[in-house]
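Trainee: Give me coordinates for this.
(one chain, ligands or ions: 2)
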Amino acid sequence: MTTRIMQIDDESLALAKKLLEEGDAVAFPTETVYGLGADARRDDAVARIYQIKGRPSDNPLIVHVHKDYDLDSLVEDDRPYAKKLRDAFLPGPLTLVYKSRKTVCSRVSCGLDTLAVRVPSHEGAQRFLRYADMPIAAPSANISKHISPVSADHVYEDLNGKISLILDGGRCSGGIESTVCDVTGEYPVVLRTGLVSAEMIADVVGRCEIYKPKEGERVRSPGMKYKHYAPKCKTKLFGGDELDSAVKAFGELERQGARVYVLCGDEVKDLFPSDKILDLGKTETEMAANLYELLHEGEKIADVILAVEPKKKDGVMAGVINRLSKACAEER
Ligand code: AMP
Ligand code: MG
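Mentor: Numbering: from 1, shown residues only. Ligands and ions are numbered 1, 2, ... in the order given. Take a look at the predicted model:
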């Protein structure tokens, strides 16, 4: 199969729609990462997504819709605070998990009675979703467990020959996957941290918690139990208070002749040679935007990436550190 990368225009959108109607999957840009989308109402189309990615069959998908889509046709929404969150953050990088009306096929949410819905703000994503005129189930457009794609080229590297079309909307500005927030309970619970932080949600509705699975409990966001976002090279993560160990490890690896790079923020980069830095930048949104781009770059040039955790842990950094620790997790 030949994989085409096309700018978003009438021709590529018509091709995308044709492919979707044939039950195929199409890659498209969003403000977080690139998605691999298919018709959420068709079991065969949704099954294709899992097959293309090699995604575990118990990891549910997020349904993407344009901003005027009739949400009521997909989910039951009886929580007044959920409307406040939509008004404050949508369209944008926030996915809300509602009680499902089961109008999309059950494979989307792996048989759960909830459904995750997202309204991306990326202009190209909105055009694509409006043109497709159907609920689009979409995980990130990468092979399962690899780093999420933040450009059309990243998608091509993973899915060349596996899909027909990548809609190119440039580099994703957000850089990490959406915040996933359960709105079925009395107050919102963040299942996956991201660019809309728990603190930002609490500011709007008064209360928000970040979910931590209790021992022995069934994980409420099945995807979170998997290690992913990993580059192909070796990685090692150091805490912000383990700088001495990071410097020592860097020296030892260099002496062994390894191509070693350090992924870190501005706060510690002066401890290492400047040509060996994968620079996350200064602010938390900058770090989120740069993280996957740098991991993609790093895996091409490094034998080992040493990552140093930024000191700030709350807000958007909770999402950045979550992805960073998953990228550097030993168990895959
Ligand atoms: P990805 O598509 O790789 O960005 O992952 C989607 C994330 O959304 C995973 O962490 C899933 O566990 C989570 N998710 C999707 N649907 C649901 C749902 N119905 N309930 C809870 N979490 C969900
Ligand atoms: Mg993913």
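Trainee: what about the nearest residue to Gly92 once chain neighbours are set aside, how many neighbours?
Mentor: Using C-beta to C-beta, 6 or more residues apart in numbering and skipping residues adjacent in sequence, the residue nearest Gly92 is Ser121, 4.8 Å away. For every residue, glycine as well, the C-beta is placed using N, CA and C. Ser121 is flanked by 18 other residues according to other C-beta atoms under 10 Å.
Trainee: In contact with Ser121: list those residues for me.
Mentor: Counting by C-beta atoms under 8 Å, 6 or more residues apart in numbering, Ser121 makes contact with 31, 90-93.
Trainee: can you rerun that using 7 Å?
Mentor: Residues counted as contacts of Ser121 (C-beta atoms under 7 Å, 6 or more residues apart in numbering) are 31, 91-92.
Trainee: Secondary structure class of Gly216, three-state.
Mentor: coil (DSSP: H, G, I helix; E, B strand; the rest coil).
Trainee: List the contacts of the nearest residue to Pro139 once chain neighbours are set aside.
Mentor: In this structure, Pro139 finds its nearest non-sequential neighbour in Leu61, 5.4 Å apart by C-beta to C-beta, 6+ apart. With contact set as C-beta under 7 Å, 6+ apart, Leu61 has these partners: 46, 49, 108, 137-139.
Trainee: Return the member of the residues you listed nearest to ligand 1.
Mentor: Ligand 1 lies nearest to Pro139 out of those, by C-beta to the nearest ligand atom, at 3.1 Å.
Trainee: pretty sure the closest one is touching Arg55, no?
Mentor: Yes: counting by C-beta atoms under 7 Å, Pro139 touches Arg55, with 6.3 Å between them.
Trainee: circling back: among the contacts of Ser121, which are in helices?
Mentor: Per DSSP state H, helices hold no members of the contacts of Ser121.
Trainee: Tabulate those in CSV, adding columns for distance to Glu299, pLDDT and neighbour count.
Mentor: Below are these laid out as CSV (distance: C-beta to C-beta, whole Å; pLDDT from 0 to 100; neighbours: other C-beta atoms under 10 Å):
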residue, distance to Glu299, pLDDT, neighbour count
Glu31, 24, 98, 20
Pro91, 31, 98, 20
Gly92, 29, 98, 20
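Trainee: Out of those residues, which comes closest to Thr235?
Mentor: When the contacts of Ser121 are compared for distance to Thr235 (C-beta to C-beta), Glu31 wins out at 26.2 Å.
Trainee: Cross-check the contact I'm expecting between the closest one and His122.
Mentor: Yes: if you go by C-beta under 7 Å, Glu31 and His122 touch, sitting 4.4 Å apart.
Trainee: Next, give phi and psi for Ser245.
Mentor: Note on Ser245: backbone dihedrals following degrees, to the nearest 10 are phi -60, psi -40.
Trainee: In contact with it: list those residues for me.
Mentor: Phe238.
Trainee: From ligand 1, how far off is it?
Mentor: Distance, Ser245 to ligand 1, by C-beta to the nearest ligand atom, to the nearest Å: 31 Å.
Trainee: State the pLDDT value of that residue.
Mentor: For Ser245, the model assigns a pLDDT of 97.
Trainee: now Lys311
Mentor: Per-residue confidence at Lys311 stands at 90 (pLDDT).
Trainee: Which residue, other than its chain neighbours, is closest to it?
Mentor: Lys311's closest residue in space is Gly240 (C-beta to C-beta, 6+ apart), at 4.2 Å.
Trainee: Equivalent analysis for Val260, please.
Mentor: Going by C-beta to C-beta, 6+ apart, Val260 has Leu253 as its nearest residue, at 4.2 Å.
Trainee: phi, psi of the residue nearest to Pro139?
Mentor: phi -110, psi 160.
Trainee: do the same with Ile52
Mentor: phi -60, psi -40.
Trainee: give the contact list for it.
Mentor: Contacts of Ile52 (C-beta under 7 Å, 6+ apart): 25, 36, 159, 162-163.
Trainee: how about JSON lines for these, with secondary structure added?
Mentor: Shown next, in JSON lines, are the contacts of Ile52 (three-state DSSP):
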{"residue": "Ala25", "secondary structure": "coil"}
{"residue": "Leu36", "secondary structure": "strand"}
{"residue": "Leu159", "secondary structure": "helix"}
{"residue": "Lys162", "secondary structure": "coil"}
{"residue": "Ile163", "secondary structure": "coil"}
